[in-house]
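Generate coordinates for the sequence data below:
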Amino acid sequence: MHFRKKLAAALFALALTGALAACGAKNDENAGQETAVASQDLIIRATNWQFDQAEYKVPKDTPIRYTLENEQGAHGIEIEKAGVKLSNGKKSKVATLAAGTYTIKCSIVCGEGHLSMKAKLIVE
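Below you'll find the model as predicted:
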């Protein structure tokens, strides 16, 4: 019986250590996102089947904080080929983009007009 108690205690300690390590990793990841420094902010507002602008412009090689605000409906955004994906779970991200034209699209199926919910991001 003594062996079983030691084994149970060791397994419990191992499980607790793993759980705490996972929590610590998650906090470190979130802390890195929060400490990213942006030179500018770009707020993209989404309503049912459209963004507040058809075209957004930002300077190239500049850290920009992209932020999603849902004003009506449930939407997410993806800036194609830029590594920026935002939704209710992650509402902002700092990214530095090279010059070019990028497509912003809704990344959450939001209804009848979902496929036409697009805008341009011009980085110059």
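
tell me the domain ranges of the protein?
Domain segmentation of the chain under automatic domain parsing yields 1-35, 40-123.

hey, which of these is tucked in deepest?
Comparing the domains of the chain by mean neighbour count (mean count of other C-beta atoms under 10 Å), domain 40-123 ranks first with a mean of 16. Placement of C-beta: from N, CA and C, glycine included.

Residue 116 versus residue 67, what's the distance?
Look at residue 67 and residue 116: by C-beta to C-beta, to the nearest Å, they are 23 Å apart.

rewinding a little: any chance of the domains of the chain in TSV, with mean pLDDT too?
Formatted as TSV, those follow (pLDDT from 0 to 100):
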stretch	mean pLDDT
domain 1-35	49
domain 40-123	95
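
Can you name the residues that contact the spatially closest residue to residue 59 that is not a sequence neighbour?
Ranked by C-beta to C-beta, 6 or more residues apart in numbering and with sequence neighbours excluded, the top spatial neighbour of residue 59 is residue 124, at 6.9 Å. Taking C-beta atoms under 8 Å, 6 or more residues apart in numbering as the contact definition, residue 124 lies against 57, 59, 60, 99.
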